[in-house]
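Enquirer: Below are the sequence and a predicted model; questions follow.
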Amino acid sequence: MRENAYRARAERGEVQIGTWITMIRTPSVLMLLQGAGLDFARLDMEHSPFSMETLADMAALARALEFPLVVRPPEGNREWITRLLDAGVWNLHIPQVDTPEQAAAVAACCRYAPEGERGMYGFGPATEYRAVPARELTAAANARVHVTVMLESKRAFDRLDEIASVPGIDALTLGPTDLAQDLGVLGTPAQREALTAHRRRLVDAARKHGKQVSMAIDSVEGVREMIALGATIVNYASDAAVLRSGYATAVEEIRRALPSRR
């Protein structure tokens, strides 16, 4: 069973730059993103209309391209985690983790015994349709999966150290908009300062417990700031945001160059 390049780079502390896929449903978008020089793509199933069938097609192409695909499910429960892993997804980005008990349950669903409680499926996309001996399968799958949990509430940060200490969780991140909303600072002058303080707390906890740090940001300057802060997994913008920005900038320049009408 092949190595997970996303996990391997994360363990080496290499900076990886990716982007959200929130709109484009054709799997070939992965070829475009890889060709543009990105290190990974993160597909959002929490706030986007992607089906399991689309996800499975994208995961198959991602593995063939050796271009890591990370998936955020709608919820971090056994049903979603099991289906995604069995569809051949190797990297999970779990939303709304508020307690160490939730984090432990997520970790257990992601790994086979004795490290967890993942259900046995047999051969399929997760084994690339190879009949792998059970002991080899479980050991390789456990070593390959990469799990990030999102802290998106004051409640989560009240138990940050406990969540960060949970075995089987590989990386920590926060959900900036939901966290700002929960803190009561969304859209206010206090939002930036509050999020910066929580990001620093998260980085400190991650370092203490040997976890990686993932951050999402919408600007190039913001990417630099997240890397300087200590993030090695950085998600820049999204397919929809980059397309809109690119077209808006181009159209504005084109219209500015047109002869004025009187």
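Expert: Arrived safely, thanks for sending. Numbering: from 1, shown residues only.
Enquirer: Confirm that Arg192 sits in a helix.
Expert: Yes - membership of Arg192 in a helix is supported by DSSP: H, G, I helix; E, B strand; the rest coil.
Enquirer: contacting residues around Gly18?
Expert: 38-42, 68, 70, 233-236 (C-beta atoms under 8 Å, 6 or more residues apart in numbering). C-beta here means a position set from N, CA and C on the backbone, and glycine is covered the same way.
Enquirer: mind checking the SS state of it?
Expert: Following three-state DSSP, we place Gly18 in the strand state.
Enquirer: That one and Gln34: what is the separation?
Expert: Plainly put, Gly18 is 11 Å away from Gln34 if you go by C-beta to C-beta, to the nearest Å.
Enquirer: Now stretch 184-191 - C-alpha only, PDB.
Expert: Presented in PDB, the C-alpha positions along stretch 184-191 are these (Å, rounded to 0.1, in the frame of the first residue of the first chain):
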ATOM      1  CA  GLY A 184     -19.300  37.400  19.500                       C
ATOM      2  CA  VAL A 185     -16.700  39.300  17.500                       C
ATOM      3  CA  LEU A 186     -17.800  38.400  13.900                       C
ATOM      4  CA  GLY A 187     -17.700  41.500  11.700                       C
ATOM      5  CA  THR A 188     -16.400  43.800  14.400                       C
ATOM      6  CA  PRO A 189     -13.000  45.600  14.900                       C
ATOM      7  CA  ALA A 190     -12.200  43.000  17.600                       C
ATOM      8  CA  GLN A 191     -12.400  40.000  15.200                       C
END
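Enquirer: buried set for it?
Expert: Going by neighbour count (16 or more other C-beta atoms under 10 Å), the buried part of stretch 184-191 is 185, 191.
Enquirer: quick check, distance from it to the centre of its chain.
Expert: Centroid separation for stretch 184-191 versus its chain: 25 Å, with C-alpha atoms, centre = their mean, to the nearest Å.
Enquirer: what does it contact?
Expert: Residues outside stretch 184-191 that contact it (C-beta under 8 Å, 6+ apart): 177, 180, 194.
Enquirer: For burial, what's the neighbour tally of the second one?
Expert: When neighbours are defined as other C-beta atoms under 10 Å, Ala180 has 21 of them.
Enquirer: wait, isn't it in contact with Leu195?
Expert: Yes - shown here, Ala180 and Leu195 form a contact pair, counting by C-beta atoms under 8 Å, at 6.2 Å.
Enquirer: Can you report how many residues lie near the closest residue to Glu66 other than its chain neighbours?
Expert: Using C-beta to C-beta, 6 or more residues apart in numbering and skipping the chain neighbours, the partner closest in space to Glu66 is Ala5 (6.3 Å). By the measure other C-beta under 10 Å, the count of residues near Ala5 is 15.
Enquirer: how about low-confidence regions in this protein?
Expert: Scanning the chain for pLDDT under 70 picks out the ranges 261-262.
Enquirer: hey, where'd the helices end up in it?
Expert: Taking DSSP state H, the helices of the chain run over residues 5-12, 29-35, 52-65, 78-86, 100-110, 134-144, 154-158, 160-164, 176-183, 191-208, 220-229, 239-257.
Enquirer: Minimum distance to Gly119: which of those helices has it?
Expert: With C-beta to C-beta, the closest approach to Gly119 among the helices of the chain belongs to helix 78-86: 5.7 Å.
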